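Trainee: model the following, please.
(3 chains)
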Amino acid sequence: MLHQDRLFPADPTSLAIAQRLYAGVKDLPILSPHGHTEASWFSDNRPFPDPATLLIQPDHYVFRMLYSQGIPLESLGIGQNPIVNPRDVWRIFARHYYLFRGTPTQLWLNYAFQELFDLKISLSEETADAYYDAIEEKLATPEFLPRALFERFRIEVLATTNSPLDPLTHHRALRESGWHGNIIPTFRPDPVVDPDFDGFIHNVHRLGELTGENTSRWSGYLAALRKTRERFRQLGCTATDHGHPTPATADLSLETASALFEKVLSKSSTSMDREMFRAQMLTEMARMSLDDGLVMQIHPGSFRNHNEAIYRRFGRDMGADIPTPTDYVRNLQPLLQRVGNEKNLTIILFTLDESSYGRELAPLAGHYPCLKLGPAWWFYDSPEGMLRFREYTTETAGFYNTVGFNDDTRAFLSIPGRHDVARRVDCAYLAKLVADHRLEEDEAHDLAQELAYRLAKAAYKL
Amino acid sequence: MLHQDRLFPADPTSLAIAQRLYAGVKDLPILSPHGHTEASWFSDNRPFPDPATLLIQPDHYVFRMLYSQGIPLESLGIGQNPIVNPRDVWRIFARHYYLFRGTPTQLWLNYAFQELFDLKISLSEETADAYYDAIEEKLATPEFLPRALFERFRIEVLATTNSPLDPLTHHRALRESGWHGNIIPTFRPDPVVDPDFDGFIHNVHRLGELTGENTSRWSGYLAALRKTRERFRQLGCTATDHGHPTPATADLSLETASALFEKVLSKSSTSMDREMFRAQMLTEMARMSLDDGLVMQIHPGSFRNHNEAIYRRFGRDMGADIPTPTDYVRNLQPLLQRVGNEKNLTIILFTLDESSYGRELAPLAGHYPCLKLGPAWWFYDSPEGMLRFREYTTETAGFYNTVGFNDDTRAFLSIPGRHDVARRVDCAYLAKLVADHRLEEDEAHDLAQELAYRLAKAAYKL
Amino acid sequence: MLHQDRLFPADPTSLAIAQRLYAGVKDLPILSPHGHTEASWFSDNRPFPDPATLLIQPDHYVFRMLYSQGIPLESLGIGQNPIVNPRDVWRIFARHYYLFRGTPTQLWLNYAFQELFDLKISLSEETADAYYDAIEEKLATPEFLPRALFERFRIEVLATTNSPLDPLTHHRALRESGWHGNIIPTFRPDPVVDPDFDGFIHNVHRLGELTGENTSRWSGYLAALRKTRERFRQLGCTATDHGHPTPATADLSLETASALFEKVLSKSSTSMDREMFRAQMLTEMARMSLDDGLVMQIHPGSFRNHNEAIYRRFGRDMGADIPTPTDYVRNLQPLLQRVGNEKNLTIILFTLDESSYGRELAPLAGHYPCLKLGPAWWFYDSPEGMLRFREYTTETAGFYNTVGFNDDTRAFLSIPGRHDVARRVDCAYLAKLVADHRLEEDEAHDLAQELAYRLAKAAYKL
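Mentor: Residues are numbered from 1 along each chain as shown, chains lettered A, B, ... in the order given. Just a heads-up that it's a prediction; the model follows:
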């Protein structure tokens, strides 16, 4: 199913260059500095469940496409824990696998099917049961336990994403287990800094309990956040992550910020108050990063839970988050006025609005010392998406204001396939620059290593 | 003039794949589910007039380019019926034919010149009269009567676009004529649902007369629309079309909608009232589609009649409509909350804002069961436009949330050339995916058929 | 360092076409109708200073990239006149030259290094001093005096950019010198028409002194502008240039415009007043262009001096100008209603928002007789940027609504390298159209000449 030259250019000259570049990076260790796997999988090290629960239920790329073609989410086991009839779910998926033609999902899944499960014939209605049986059988073997796969995947560092309220029990257990796998948390404070987050007021109260700070006051709240960041740092955390609806930032006076905090803790805040509070908190987080060295990631621009009926029935992250136009230039200015010229601060920007690559993100990152560009994200974590990312950003921001690849996934088995796609696309892009003589081939070899490994290691302090 | 491999990739591997894919689709029948030809041409079956009146006067792609280079519209016969000196117009056009280098207009016209009129030397000042004579002579022959061309073009279905006030006399005459050509109307209610449409209030009154409903009341107005949709359906109509300035939708209460209707029928409405009314009417139309099964097309985003002097002198559709930024995510939400999860409803979205392809349209269509993406439209009905459409939408929405090609033209003679360009570009795109091993060639053959024929047949219920 | 086929496609068929097209244009004279060199360099004809002052200090593309990677502007000699330790600056630059991989800056610099200074090994930490010595030595020779380089570069016309307050002493001196080099001013009225420009009120007063008009009154102010335009025209000026934050235009009544003028001259104006005044002034300038024939250039969309700390310390043009989303359709309408249908007026539009190419600029320029499209600008003056410009505009606006290349630089030594990149990319684009049979090769040869030379000559009346 997988051709050895997949994603490389067809022209023989460029193809040969891409093959040579890829040979130098294909076996590099994987750095996964941003993702959504669970530390408990590795601390418990229990077998993964059936194929449908492993590969369909947690993967919104998979079930959103099926849903868009009229397949009810219920029939895919969404909302069931565990899935009642996993083989039925698998058969539905297999029958509709042709829907994924031309999508990265097919590339990732075919990689796992062939490279992990030794399957050689394409998935379809006819092969559905054979697939199910083969995968189920393998998952019961010791070679497919989470830690064994982690090692087989050659993962050097795997970052999870965690709420400030997370006790990080599993991360601690992993540290104490003696297993050498390096699994670190990422500090994602949205539940306690976004007043629109479900349970925000309760979460802030709980943050106080966990830290022994009075989080009903601005100063205590900030102190609690600082303590929690330190708790994360002690378990290897090197980065924070912020999933705000917009990249709005603010730089309010102490008095104003303090009053705004009390307002959002009351029930009287307006949506503008809440947006302003998120804006202020990005700047507060940047200030704390200056002190404690945590790298800051900003992931803005998603209109979450666009389909309210689906949200009411199934909750968050059900494939109904839609990108929106995003203005970085005006929104980030308050934060950048405060800390933009700090060269010891790293803020990594992501986007769901590709029109900002060339117009805003590359010009910003090509000027401000603190800014770097995260890789093509979410809907753009794909061959064409990655290619556009390079084509739109490199000429203004260069390669060294970018930070390598993020797999950003909770589909653990897709991690090697995702990194393989990224490495191939970067090699294809570099091969194009070599083929039309914009780069020397030795420069391209060096850059291929940077993009596959070294830039992520440096930017995320791994 | 036409190379057999035009629009195919130059690389020999990819070229050979594209040739094979195209061989499988080039002779498929044409489905034209969205266009602006006149049923009367086929019911009357009279010869087309002279070359200028046939090829220049009705084609805004042609005369807008000439006008942009300083050629007065008067000298092109615009506004004359019939054109006073068609040969003079043709000579001006021929002298400036080089202006169309690199445009799809040249591809379409060269196709018609060579394939229909057997002309082998390029059009230029030198060949102007020879072209004129050859075309004029052919148009007088029985082989160039409208019905003969319809058959020669292998058109399986041709949809026209019609006002609810159109008696559809010619569609009925065609049905009764015994001729087998399938020409169906499309229900385009803009004249009676857009309060900014010329004569709106009069049109609503006239709608009442035609249907015997009291269209000065909301309930009677809706009933009149339902009756008219049914009248269209009886003549083969399968789709509606909505050309609003924005994709704004609303979901008002009965009382509010009813009051708003009375306001827009009075002379006291504001532009916000009128926008809100259009918004509400999209949701009403979606509700009616749920009942009667008509597929809904939304064509938003054009700033109509941007050049007021041209509008005052020559009227609508004079090449002075300009695209604008278009927000689908917030605008469509009210309608989608109401009907977005209906899998028996089909809403086809078009855009004039390509930045929405990857950011909004593909994510929306890749989730909501009712949504599909119309092809690259108007200014993007072109090789680069179609290629971008695929590159920006396929990875998120796949192929099966798209609906094949629309020629969207009143230039009847350009229809085969337009479909040929679309088939070639889709084959070139698929060949690229095969050449870099993202698709198997057998999958690409199947997809080429889908894109050229089957997706349109299914989406438009033809 | 420079391969003879750089920037050409790798596919052998397309490559051969590109080579043939380029052979026809590579030695054409250079027309530089928009740039920022100094007339004094040529009137004085003194040697250029050291390598760092020549190649780093004036080039914001160079120092913004270095700054983004944490190198202080002070260490690059920014703000020093002359640079205190130019060799140290050069060494820092050389050590970080790898940062420019994949950027047009590297293409331009390598061209100058090899073609002008005969350097054959890449610049790096190791070769820094050898480079410095070689360049320094050459700069001291007569062959590297400004006039000698001008002739060696085969520049037919070089336009500078000048304030209405500029006495144009050096332009006059050049005219009187007997030297044949054609160096003309461009009328850039921002300092006297943009109320947000530093010293605006003083500038308007000074304009009155220079022209003998009462510029505290609207009529005197307009008369002063007309007189100044005429003074520029006498020294060869053929164009104006307008660097507004947005392309807003207005068409106010005489009374309103007059009152607004008095308001912006007072200290009581609001930011909306000032935007409205700039808007009105674009229309006034267009009216004057109708009378005196000066071609009008509009360069909107830059958020100037985004980094306030850098602005306070180093002033304008320090690499901290960031593009913003730009709406041409609504903003230009008032001006276009007034003069859009004039075929004897030329208004050249530029953009920093590439999403406007296909959506707004090509449709506007493909209709209005007065509009033409300037080349890919600033951050998009690059191979990918130029290619996108053609891909997004040609199908709607054709080639003949574009105006050839602008180098837009004050880095005089980069001019031949910049034009060479533009000619190569245009030939590569045309070769693609020939290779997939969208153009005949003879048409492409003709177009290559248009894009490299003739369109600029015609559009700018050179």
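Trainee: do stretch A:354-361 and chain C meet?
Mentor: Yes - Stretch A:354-361 is in contact with chain C by C-beta under 8 Å from any C-beta of the partner chain, via A:S355, A:G358, A:R359, A:E360. Every residue, glycine included, has its C-beta placed from N, CA and C.
Trainee: give me the pLDDT for whichever residue of the stretch 51-200 of chain A sits closest to chain B.
Mentor: When scored by C-beta to the nearest C-beta, the stretch 51-200 of chain A has A:G70 as its residue closest to chain B, at 3.7 Å. At A:G70, the pLDDT value in this model is 97.
Trainee: quick check: it touching B:K343?
Mentor: Yes - because the distance of 3.7 Å satisfies C-beta atoms under 8 Å, A:G70 is recorded as touching B:K343.
Trainee: please enumerate the shared neighbours of these two.
Mentor: B:P369 (C-beta atoms under 8 Å, 6 or more residues apart in numbering or on different chains).
Trainee: what count of nearby residues applies to the spatially closest residue to A:I30 that is not a sequence neighbour?
Mentor: With C-beta to C-beta, 6 or more residues apart in numbering or on different chains as the criterion, A:I30 has its nearest non-adjacent residue at 4.7 Å, and that residue is A:I155. When neighbours are defined as other C-beta atoms under 10 Å in any protein chain shown, A:I155 has 21 of them.
Trainee: what about A:I155, distance to A:P416?
Mentor: 9 Å (C-beta to C-beta, to the nearest Å).
Trainee: which neighbours do these two have in common?
Mentor: Common neighbours of A:I155 and A:P416 (C-beta under 8 Å, 6+ apart) are A:I30.
Trainee: can you give me the strands in the stretch 351-462 of chain A?
Mentor: In the stretch 351-462 of chain A, the segments counted as strands under DSSP state E, counting those that start in this stretch are A:371-373.
Trainee: for chain B, what's the nearest residue on it?
Mentor: Closest point on the stretch 351-462 of chain A to chain B, by C-beta to the nearest C-beta, is A:S382, at 4.1 Å.
Trainee: ok, now which ones touch that residue?
Mentor: With C-beta under 8 Å, 6+ apart, A:S382 has these contacts: A:T103, A:P104, A:A376, A:V421, B:E395, B:T396.
Trainee: could you redo the last one with a cut-off of 6 Å?
Mentor: A:P104, B:E395 (C-beta atoms under 6 Å, 6 or more residues apart in numbering or on different chains).
Trainee: just A:D190 next, same as before
Mentor: Per C-beta under 6 Å, 6+ apart, neighbours of A:D190: A:F197, A:G243.
Trainee: quick one, phi psi at it?
Mentor: phi -50, psi -40 (degrees, to the nearest 10).
Trainee: how close does it sit to C:W108?
Mentor: If you go by C-beta to C-beta, the gap between A:D190 and C:W108 works out to 44 Å.
Trainee: now A:D381
Mentor: When A:D381 is compared with C:W108 (using C-beta to C-beta), they lie 33 Å apart.
Trainee: what does the stretch 301-450 of chain A put close to chain C?
Mentor: A:329, A:337, A:341, A:343, A:355, A:358-359, A:363-364, A:366-367, A:369, A:391, A:394-396, A:398, A:400-401, A:435-437, A:443 (C-beta under 6 Å from any C-beta of the partner chain).
Trainee: near chain B, which of those residues show up?
Mentor: Among those, chain B is touched by A:S355 when using C-beta under 6 Å from any C-beta.
Trainee: out of the residues of the stretch 301-450 of chain A next to chain C, which end up buried?
Mentor: With neighbours counted by 16 or more other C-beta atoms under 10 Å in any protein chain shown, these contain buried members at A:329, A:337, A:341, A:355, A:358-359, A:363-364, A:366-367, A:369, A:391, A:394-396, A:398, A:400-401, A:435-437, A:443.
Trainee: if we can go back for a sec, my guess is the residue of the stretch 51-200 of chain A closest to chain B meets B:P369, correct?
Mentor: Yes - using C-beta atoms under 6 Å, A:G70 is in contact with B:P369, at 4.9 Å.
Trainee: shared neighbours, the two?
Mentor: Residues touching both A:G70 and B:P369 (C-beta under 6 Å, 6+ apart) are B:K343.
Trainee: okay, the spatially closest residue to A:E143 that is not a sequence neighbour: pLDDT?
Mentor: Nearest non-adjacent residue to A:E143, counting by C-beta to C-beta, 6+ apart: A:R152, 7.5 Å away. pLDDT for A:R152: 98.
Trainee: for A:R152, give its distance to C:E262.
Mentor: 77 Å.
Trainee: can you count the residues close to the residue nearest to A:L364 when sequence neighbours are not counted?
Mentor: Closest residue to A:L364 apart from its sequence neighbours, by C-beta to C-beta, 6+ apart: A:L371 at 5.6 Å. Applying other C-beta under 10 Å, we find 23 residues neighbouring A:L371.
Trainee: need the residues of stretch A:354-361 next to chain C in TSV (columns: pLDDT).
Mentor: Rendered in TSV, the data for the residues of stretch A:354-361 next to chain C read as follows (pLDDT from 0 to 100):
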residue	pLDDT
A:S355	98
A:G358	98
A:R359	98
A:E360	98
